[in-house]
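Q: have a look at this prediction, sequence included:
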Amino acid sequence: MKNELQVGKTLLSIPFVMDPYFRRSVIAICEHNDMGSLGLILNKRLDLTINDLIGDFPEFDSTVHYGGPVQTDSIQYLHRVGNMLEGSKQIGPDVYWGGDYESLKFLIKNQLIKPDDIRFYVGYSGWSPGQLADEMEMGSWVLGDLSANYLFKFEPDIVWAKAMQHKGPNYEVIAQIPNEMLLN
């Protein structure tokens, strides 16, 4: 069960994935069932704030990340405030997905949620039934464990390497492969 595809795991792209959406990505699996899988790319920060995207949102100093190429007109969020945000779903240790939007605005307006407690994502990554399992079998992804540090401690540009290093000595070598092979 430890190495099984499920909510609370991460997908780490192999180093040489050419797809710009997923190159050196760490994706948190938020939903995985018979209908398919949904995840959010944790380490692709955009040059936007949540207030740039949502006009009726309380003033909030929080950057937005790229969650994936599906429904890029939607906003998802991961946070660590747990059940304080009604309707949240725990997807990992100290990591929660979603929650009631109006409650979110209230908690932010009243400073009960701070920018360091939440990450916003434009779009998400999605797979139809069996598609992700097929990609895993082809070796496109390495399965890892979700850590709240990937969201709330590490800067996005080092998350992929940190997640690879957390897999153990064999993956530490992979984590050191330069982004551009010409730099090797």
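A: That came in fine, so what should we check first? Residues are numbered from 1 along each chain as shown.

Q: so where do the helices sit in the chain?
A: 50-53, 101-109, 131-137, 149-152, 156-165, 169-175 (DSSP state H).

Q: and the contacts of the first one?
A: Residues from elsewhere that reach helix 50-53, judged by Cβ atoms under 8 Å, 6 or more residues apart in numbering: 57, 59-60, 62-64, 75, 120, 122. Backbone N, C-alpha and C define where each C-beta goes, glycine included.

Q: from those residues, which has minimum pLDDT?
A: Ranked by pLDDT, the contacts of helix 50-53 bottom out at T63, which has 89.

Q: low-confidence stretches in the chain?
A: The chain contains residues with pLDDT under 70 at 1-3, 172-173, 175-184.

Q: centroid-nearest residue for this protein?
A: L42 (3.0 Å; Cα atoms, centre = their mean).

Q: quick one: contacts for it?
A: Here L42 is in contact with 10, 25-28, 65, 78, 119, 150-151, 156, 159 (Cβ under 8 Å, 6+ apart).

Q: out of those, which comes closest to W97?
A: Closest approach to W97 among the contacts of L42 (Cβ to Cβ): L78, at 5.7 Å.

Q: so what's the closest one closest to, chain neighbours aside?
A: Excluding the flanking residues, the one nearest L78 by Cβ to Cβ, 6 or more residues apart in numbering is R119, at 5.0 Å.

Q: just checking, the one you found touches H79?
A: Yes. Under the criterion of Cβ atoms under 8 Å, R119 makes contact with H79 at 7.3 Å.

Q: list the buried ones in stretch 71-89?
A: 75-81, 85, 88 (16 or more other Cβ atoms under 10 Å).

Q: farthest-separated two in those?
A: Spatially, the most separated pair among these is I75 and R80, at 17.7 Å (Cβ to Cβ).

Q: before we move on, the earlier item: including distance to L143, could the helices of the chain go into TSV?
A: Below are the helices of the chain laid out as TSV (distance: least, Cβ to Cβ, whole Å):
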stretch	distance to L143
helix 50-53	30
helix 101-109	30
helix 131-137	7
helix 149-152	14
helix 156-165	11
helix 169-175	11
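
Q: among the ones you listed, which is nearest P15?
A: From the helices of the chain, taking Cβ to Cβ, the stretch that ends up closest is helix 169-175, at 5.9 Å.
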